[in-house]
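1. Sequence plus predicted model, see below.
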Amino acid sequence: MLTRLRVSGFKNLVDVDVRFGPFTCIAGANGVGKSNLFDAIRFLSNLATHPLREAAVMVRDEQSKAGDLRSLFTLIGNEYATDLSMEAEMVVAEKGEDDLGQPATAKITFLQYRLELAYEEETASSSVSRLVIRHESLKHINRGEAKNRLGFPHSTEWRNSVIKGRRTVDFISTHQTENGLLIRRHQEGPGHPQPYAANKLMRTVLSSVNAGEAATAALVKREMQSWQLLQLEPTALRRPDPVDAAAKLGPDGSHLASTLYRLGRTHPESLYAAIGNRLSELNEDVRHVRVERDEKHDRLTVEVTDRSGTRHPARALSDGTLRFLALTVIEQDDQMGGVLCLEEPENGIHPARIGAMLDLLRDIVTDPFVPVEPTSRLRQVIINTHSPAVVNQLPADTLVVAEREATVGAVGQLINRVRFSALPGTWRTTGEGGASPVAIGKLLAYLNPEGRAPTESSDEDMTPPVRRERRLRDVYEGQLDLFDQAVRNL
């Protein structure tokens, strides 16, 4: 579970500090940089598995040519910065397995990982540019700090079920020595730290660990590998699966049929009934969902039966229905854990059904008031949107507002960056690392397609504290008439 992310020097993320709860919605106009926050999360996830250069070129960039490492860095004036830093605080599983399936037990489950990278041009000894590590560290966060560092509302019982262990020294640290910059992986038992020359590393130290030598770091690695951006593609969702296909839903929605078939093998009637009932919240004509196994062709196909008894294969379902079905499968699949990022999940959904989509997304996540079973995985959802219909129906404390901001660098260069704020009176603006409060007038500015300013409050108006589960509409009832107009104009 990702609880906090600090980023600077990555695309238009400069001095960014965002805290996350089980469910977070990043709201802002198109083009401000909402997707760059997702790219930063994906980059960290890729670095847990891949070499530095490979992880970098996997990050999307619509404007620069493939393989241009400079596009990762912040553009300052007409030049790119050459340094970036990323720091993530996270909760990991107490027990798990490493990449090779070896068991691992964490010494402590609340940790902070920091990575600083620099860009180096081609040299006489290297024909390509490269990324070099300037700092890498993995530190524990004490249990006594957990309540304030988590920030979001939760029960003591939940916190005690997920925050465990103790540690007095770092797991990975960086030191400047007479022989150059060294990154040390510290032993979790007896033994001396393992040193690595930073300028020779082609990948992070974290990405190379295993359970036998560094169990806690291995579980941090596995946690970061579970952070993914779901880009559910209708073509992949419609595709039948061979009976021996991977039975895990892919980030693009592939293997929907085989995943649903796996889930239904234990309790088929109750499982299919639960998924059918949930899907009927989006489409009232749905009566039943099942997976048809074609013995002749060894193929699995998702089918939906309507109220008249007509069976519809996946290829005949709408894009919105397929995406909703995929999320319903995720809700039922205990193997799907980690951070799930979705861009504009309302796409393809009728405005009247957006509430059902949001309810489903919020039901997927870990309940921070119910203790977590030792075998259960934490699940977290982060979405972004520019839709007033989405923002209008969410609790105020789930919202983070993204705004474009122009600033001046140290020597007068122009920097276009994104600024993340939160609504006043919510947990996101209080305590350690609290976000700057955003006035309701600024939130309305992009939600109002006609560009009219609010009539009863200015941009500087700050509203009294709100309760955690009240929707934005309920909190600002007197100021959000513009929402209705915006939704009608979609």
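-> Now that the structure is in, tell me what you want to look at. Note that the coordinates shown come from a computational prediction; the quantities given were computed from them, not determined experimentally.

2. can you give me the strands in the stretch 201-350 of the chain?
-> 228-230, 241-242, 286-294, 299-306, 311-313, 338-343 (DSSP state E, counting those that start in this stretch).

3. Reformat these into JSON lines and put mean pLDDT, distance to residue 434 and mean neighbour count next to each item.
-> For glycine as for every other residue, the C-beta is placed from the backbone atoms N, C-alpha and C. Listed next are those as JSON lines, based on pLDDT from 0 to 100; distance: least, CB to CB, whole Å; neighbours: other CB atoms under 10 Å:
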{"stretch": "strand 228-230", "mean pLDDT": "95", "distance to residue 434": "27", "mean neighbour count": "19"}
{"stretch": "strand 241-242", "mean pLDDT": "96", "distance to residue 434": "46", "mean neighbour count": "18"}
{"stretch": "strand 286-294", "mean pLDDT": "93", "distance to residue 434": "43", "mean neighbour count": "18"}
{"stretch": "strand 299-306", "mean pLDDT": "95", "distance to residue 434": "45", "mean neighbour count": "20"}
{"stretch": "strand 311-313", "mean pLDDT": "94", "distance to residue 434": "49", "mean neighbour count": "14"}
{"stretch": "strand 338-343", "mean pLDDT": "96", "distance to residue 434": "22", "mean neighbour count": "21"}
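
4. Out of the ones you listed, which is closest to residue 185?
-> strand 338-343 (23.5 Å; CB to CB).

5. Each with direction, which strands does the closest one pair with?
-> strand 228-230 (parallel), strand 379-385 (parallel) (DSSP bridges).

6. got a list of contacts for that strand?
-> 1-2, 34-35, 38, 41-42, 223, 225-232, 330, 361, 364, 377-384 (CB atoms under 8 Å, 6 or more residues apart in numbering).

7. Can you tell me which of these are buried?
-> Using 16 or more other CB atoms under 10 Å as the burial test, the contacts of strand 338-343 include 1-2, 34-35, 38, 41-42, 223, 225-230, 232, 330, 361, 364, 377-384 as buried.

8. Identify whichever of the strands paired with strand 338-343 lies nearest to residue 274.
-> Per CB to CB, nearest to residue 274 of the strands paired with strand 338-343: strand 379-385, 16.8 Å.

9. what's downstream of that closest one, the next helix or strand?
-> For strand 379-385, the following helix or strand on the C-terminal side (DSSP states H and E) is helix 388-391.

10. Does that following helix pack against any helices or strands, and if so which?
-> strand 23-27, helix 354-364, helix 440-447, helix 481-488 (3 or more CB pairs under 8 Å, 6 or more residues apart in numbering; DSSP states H and E).

11. Try it again at 7 Å.
-> helix 354-364, helix 481-488 (3 or more CB pairs under 7 Å, 6 or more residues apart in numbering; DSSP states H and E).

12. Report the beta-bridge partners for the closest residue to residue 230 other than its chain neighbours.
-> Closest residue to residue 230 apart from its sequence neighbours, by CB to CB, 6 or more residues apart in numbering: residue 342 at 5.1 Å. Beta-bridge pairing of residue 342 under DSSP bridges involves residue 230, residue 383.

13. Could you check how far residue 342 is from residue 326?
-> Between residue 342 and residue 326 the distance, using CB to CB, to the nearest Å, works out to 10 Å.

14. now do residue 118
-> Residue 118 is 39 Å from residue 326, by CB to CB.

15. Of the helices and strands packed on helix 388-391, which shows the lowest average pLDDT?
-> Out of those, helix 481-488 stands lowest, with a mean of 49 (criterion: mean pLDDT).

16. Show me the shaky parts of this structure.
-> 60-67, 124-127, 409-412, 440-441, 444-490 (pLDDT under 70).

17. Would you mind splitting it into its domains for me?
-> When the chain is parsed with automatic domain parsing, its domains come out as 1-226+338-490, 233-336.

18. ok, residue 202 - contacts?
-> Listed by CB atoms under 7 Å, 6 or more residues apart in numbering, the contact set of residue 202 reads 51-52.

19. Relative to residue 280, how far out is the nearest residue in space to residue 276 that is not next to it in sequence?
-> The spatially closest residue to residue 276, leaving aside those adjacent along the chain, is residue 289, at 4.4 Å (CB to CB, 6+ apart). Applying CB to CB, the value for residue 289 to residue 280 is 9 Å.

20. Check residue 355 too.
-> Distance from residue 355 to residue 280, counting by CB to CB: 14 Å.

21. cool, and residue 21?
-> In terms of CB to CB, residue 21 sits 29 Å off from residue 280.

22. more crowded one of these two?
-> residue 21 (26 against 17; other CB atoms under 10 Å).

23. Residues touching stretch 402-415, excluding its own?
-> Contact with stretch 402-415 is made by 14, 26-28, 32-34, 74, 76-77, 416-421, 442, as judged by CB under 7 Å, 6+ apart.

24. What about residue 78, how many residues nearby?
-> With other CB under 10 Å as criterion, residue 78 counts 7.

25. and if you look at the one 4 residues further on?
-> As a burial measure, the neighbour count of residue 82 was computed by other CB under 10 Å and equals 15.

26. For it, which non-adjacent residue is closest in space?
-> residue 119 (4.6 Å).

27. My guess is the one you found contacts residue 132. True?
-> No: with contacts counted by CB atoms under 7 Å, residue 119 stays clear of residue 132, the gap being 8.1 Å.

28. Can you show me the helices along the chain?
-> Using DSSP state H, the helices of the chain run over 34-47, 52-57, 146-150, 156-162, 215-225, 234-238, 256-264, 268-279, 319-332, 354-364, 388-391, 440-447, 472-475, 481-488.

29. So which of those is nearest residue 136?
-> Among the helices of the chain, helix 34-47 comes nearest to residue 136, with 9.9 Å by CB to CB.

30. chain center to the closest one, what's the gap?
-> 8 Å (CA atoms, centre = their mean, to the nearest Å).

31. Equivalent analysis for stretch 71-86, please.
-> The answer for stretch 71-86 is 23 Å, by CA atoms, centre = their mean.

32. Which one's more surrounded, residue 119 and residue 132?
-> When neighbours are counted by other CB under 10 Å, residue 119 and residue 132 differ, and residue 119 comes out ahead with 19 against 16.

33. ok, the more buried one - contacts?
-> 69-70, 73, 82, 129, 131.

34. Filter these down to the buried ones and hand me the PyMOL line.
-> With 16+ other CB under 10 Å as the criterion, this PyMOL line picks the buried residues out of those:
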select buried, resi 69+70+73+131
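
35. between the contacts of residue 119, which is closest to residue 397?
-> residue 73 (32.9 Å).

36. List the beta-bridge partners for the closest one.
-> Going by DSSP bridges, residue 73 forms beta bridges with residue 10.
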